[in-house]
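K.L.:
With the input below, show me the fold.
(2 chains)
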Amino acid sequence: RKEVEQDPGPFNVPEGATVAFNCTYSNSASQSFFWYRQDCRKEPKLLMSVYSSGNEDGRFTAQLNRASQYISLLIRDSKLSDSATYLCVVNHKYDYKLSFGAGTTVTVRA
Amino acid sequence: EAGVTQFPSHSVIEKGQTVTLRCDPISGHDNLYWYRRVMGKEIKFLLHFVKESKQDESGMPNNRFLAERTGGTYSTLKVQPAELEDSGVYFCASSRRDSQTQYFGPGTRLLVL
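P.N.:
Below you'll find the model as predicted:
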C-alpha cells in the first residue's frame, strides 16, 4: 500500500470554479502535512502547510482530518495559473524525509 | 536569496557509465536531501544529510549510488555503473536546521540508454 494516495484526476474546471480534492496517508505517525505544487517539468514548490485546525491562504484552503488520515485542498475562484499538479506530502514525527503522493492534476480552462 | 541549484540539468549516458550529479543548497541550510522520481511514479526519498553527516540513507536503492557532502556545503550523487532503471528526475532539496520546510532544486533529468 502506498504511504500517500491521491486521486490523480485530472480535474478540468472553468475559470472561477471551485475545485477540491484530497489525499489519504497510511502512517499514523505522520506529523507534518503539506501541499506542494508542481508545474510541468519543474520542481515541486511549497504551496502551503496544513495544520490540524485547517488553514487558508488566499483562495486556497487546506484541511486535515487526523482521525480519518486524510488531507484536503480546496481552490476557490480558479485562475488559469492554478493549472498544475498538486502533490500531497507528509513527513513523520521522527525524521525529516518527505513522503509524496503521485499528484492530482488540475487544469483550469478559459 | 538564491535557491537550490543542481547541475547538470540533463544527462544522457549509456548503461554502465558513471554519472555525477551536483546540488548546491540554499546558503546556511544544514539539511540537504536527495529525492528521485522515476517515470510514472511518485517522488521518493533517497537520503538526508545534516551538514556533512548522512542522517538517513534508507532510500538509497543499492550500492551503485554514492552520495557525499564533504565540508557540509554542496553535495554530489554518483551512480556507478548506471543501469536503465536509474533513469528519472533527481531532485535535491534543502532546509534550515529544525525546519520542516524543504526547498527543491530544479532537478537533474537522467536518461540511461
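K.L.:
Near residue 36, how many other residues are there?
P.N.:
The chain I'm using is chain A. By other Cβ atoms under 10 Å in any protein chain shown, the residues close to A:Tyr36 number 23. In short, each C-beta sits where N, CA and C put it, glycine included.
K.L.:
that's the other chain; I wanted chain B
P.N.:
As a burial measure, B:Arg36 scores 23 neighbours (other Cβ under 10 Å).
K.L.:
Dig out what it forms beta bridges with.
P.N.:
Using DSSP bridges, the beta-bridge partners of B:Arg36 come out as B:Lys44, B:Tyr90.
K.L.:
Kindly report the same for B:Arg109.
P.N.:
B:His10, B:Val89.
K.L.:
Show me what secondary structure element comes after whichever strand or helix holds B:Leu46.
P.N.:
Here B:Leu46, judged by DSSP states H and E, is contained in strand B:44-50. Once the chain leaves strand B:44-50, the next helix or strand it forms, by DSSP H and E, is strand B:53-56.
K.L.:
Point out the other helices and strands that that following strand packs with.
P.N.:
strand B:44-50 (3 or more Cβ pairs under 8 Å, 6 or more residues apart in numbering or on different chains; DSSP states H and E).
K.L.:
Show me what the strand it packs on is packed up against.
P.N.:
Using 3+ Cβ pairs under 8 Å, 6+ apart: strand B:44-50 touches strand A:98-100, strand B:31-37, strand B:53-56, strand B:65-68.
K.L.:
quick check: angle from the following helix or strand past the last one to strand B:31-37?
P.N.:
Meaning strand B:65-68. Going down the chain from strand B:65-68, the next helix or strand is strand B:75-79, by DSSP H and E. If you take axes from the mean of the first three to the mean of the last three Cα atoms, to 10 degrees, strand B:75-79 sits at 30 degrees to strand B:31-37.
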